[in-house]
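Colleague: can you look at this prediction? I've put the sequence above it.
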2 protein chains.
Amino acid sequence: MRLFANRGFHETSMSEVAREAHVSKALIFWHFKTKEELFVAVLNRLLEPYFIDFAEEAGVLDERAQIKKLVEFYLSFVRDNASSVRFFLAQMLHDQHFSEGLNEQVLKLYSGYRSMLVELIARARQKGLCNVRFSPEAAAGFLLSALNGILIEHLFVANNPLDPDAAVAMVSEWLFGEENSSDGGKAVA
Amino acid sequence: MRLFANRGFHETSMSEVAREAHVSKALIFWHFKTKEELFVAVLNRLLEPYFIDFAEEAGVLDERAQIKKLVEFYLSFVRDNASSVRFFLAQMLHDQHFSEGLNEQVLKLYSGYRSMLVELIARARQKGLCNVRFSPEAAAGFLLSALNGILIEHLFVANNPLDPDAAVAMVSEWLFGEENSSDGGKAVA
DNA sequence: GTTACGATTGACCGACAGGTTAGCGAGGAC
DNA sequence: GTCCTCGCTAACCTGTCGGTCAATCGTAAC
């Protein structure tokens, strides 16, 4: 996992994997038919932390708090798993047809997250908590774009702290009209 | 260029390059000392279209129009050069220390774009054209995040048209309070 | 104690990688 | 005509790649 994640598929040789794992190369080929098979196994293992049960975390929170928690969760996850996120991003960008299965899973995750957002925003608007003019779908899409933008800025601009709280504050302001004392915009920039 | 851009560094062999170029492999090694040297030459060639002179395009437009043009330009470029953008993104994500020179150049481009945005927003605010509350830096940062978010959605979600006009409309609304008839949010979502 | 079987190994294979080298052929200088 | 250089190539070199295979080890069943 470490080798594949740090150096990618083509730059990692089975001999290296065997050496680092302190087993013979032949043993790996006994457990996994091909290098690709091992790689997709690694992909799936690396993908596991991405599947979390948000329902249990939601609990008795109201929609506004749930949305904020969802956003905060997204950004904290990216912050804490930056290298993994970077790896998957690079993998999907590069071998888009080699890793079709991965693409599929990630897209499922992503659309799951989006639909949660859409539903939450819709309910919030119904309750009058949310004063944004767009449709829930458009608002969620816009929100996701912003989150992804923050994500890639974090990955590329080296010394970027990625402060989830500040971002959540901005989102709150935009979505709920909540004013907050701190300078919300600065962190995103 | 085609081989490296489509398949990446490690998946492209010098023999293939030679075959596609209808020359001998040795000739390539006569012109370029190593495979890496050829690759960075290719990178620089592929990067050329990214350097454009925006000043000439700005002309006599006011700040509001310039900002809109800048945003529209960014998105149109991404739309028209999607595969190139994808390649560079993947390259920078993957070999972040191998392609340090590339990283540097791209970052320079990026910060140049950002500072143009910052300055334009600052001037627009001075003239009272822009009613956004944030500092110009924060506004530009937020805007760039949104643009990057749209970019990666376009790259990953397959059938995503990336309509620059709709995005520009959204930006206008956010930045200048311009209302427009079309449903702006839909395209971004 | 023998058998059976899954786990494990070192030695090995053909293919191909990046890179080198000896030399060929055309053309300008003299 | 001879020489020299430049652009170019076929053939080759060495190392490593993904993958195979016959043989061995450990252990549980009988």
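Modeller: Sure thing, it's come through. Keep in mind that what you see is a predicted model, and the values were worked out from it rather than measured. Residues are numbered from 1 along each chain as shown, chains lettered A, B, ... in the order given.
Colleague: show me what the longest helix along chain A is packed against.
Modeller: Longest helix of chain A, by residue count under DSSP state H: helix A:100-126. Packing partners of helix A:100-126 (3 or more C-beta pairs under 8 Å, 6 or more residues apart in numbering or on different chains; DSSP states H and E): helix A:35-47, helix A:63-80, helix A:82-94, helix A:136-156, helix A:164-176. (Glycine included, C-beta is placed from N, CA and C.)
Colleague: which one of those helices lies nearest to residue B:70?
Modeller: helix A:136-156 (16.0 Å; C-beta to C-beta).
Colleague: that closest one near chain B at all?
Modeller: Yes - Helix A:136-156 is in contact with chain B by C-beta under 8 Å from any C-beta of the partner chain, via A:137-142, A:144-153, A:155-156.
Colleague: what's the angle from the longest helix of chain A to helix A:136-156?
Modeller: 130 degrees (axes from the mean of the first three to the mean of the last three C-alpha atoms, to 10 degrees).
Colleague: which parts of chain A sit against DNA strand D?
Modeller: A:12-16, A:25-26, A:29, A:33-36 (C-beta under 7 Å from any atom of the strand).
Colleague: burial count for the nearest residue to residue A:85 once chain neighbours are set aside?
Modeller: Spatial nearest neighbour of residue A:85, chain neighbours left out: residue A:78 (5.6 Å); criterion: C-beta to C-beta, 6 or more residues apart in numbering or on different chains. Around residue A:78 there are 21 other residues, counting by other C-beta atoms under 10 Å in any protein chain shown.
Colleague: does residue A:78 really touch residue A:152, like I thought?
Modeller: No - using C-beta atoms under 8 Å, residue A:78 makes no contact with residue A:152, being 9.8 Å away.
Colleague: on that earlier part again, which of the residues of chain A next to DNA strand D tops the neighbour count?
Modeller: residue A:12 (20 neighbours).
Colleague: which strand or helix spans the residue nearest to that residue when sequence neighbours are not counted?
Modeller: Excluding the flanking residues, the one nearest residue A:12 by C-beta to C-beta, 6+ apart is residue A:3, at 4.6 Å. Applying DSSP states H and E as the criterion places residue A:3 in helix A:2-7.
Colleague: for the following helix or strand past that helix, the averaged confidence score.
Modeller: For helix A:2-7, the following helix or strand on the C-terminal side (DSSP H and E) is helix A:14-21. Helix A:14-21 shows a mean pLDDT of 94.
Colleague: next helix or strand past helix A:14-21?
Modeller: From helix A:14-21, the next helix or strand downstream (DSSP H and E) is helix A:25-31.
Colleague: how far does that following helix sit from its chain's centre?
Modeller: 33 Å (C-alpha atoms, centre = their mean, to the nearest Å).
Colleague: for it, list the C-alpha coordinates in CSV.
Modeller: Output of helix A:25-31 as CSV, limited to C-alpha atoms (Å, rounded to 0.1, in the frame of the first residue of the first chain):
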residue,chain,number,x,y,z
LYS,A,25,8.2,-12.1,-5.2
ALA,A,26,6.8,-15.5,-6.0
LEU,A,27,4.6,-15.4,-2.9
ILE,A,28,2.9,-12.3,-4.0
PHE,A,29,2.1,-13.9,-7.3
TRP,A,30,0.7,-16.8,-5.5
HIS,A,31,-1.8,-14.6,-3.6
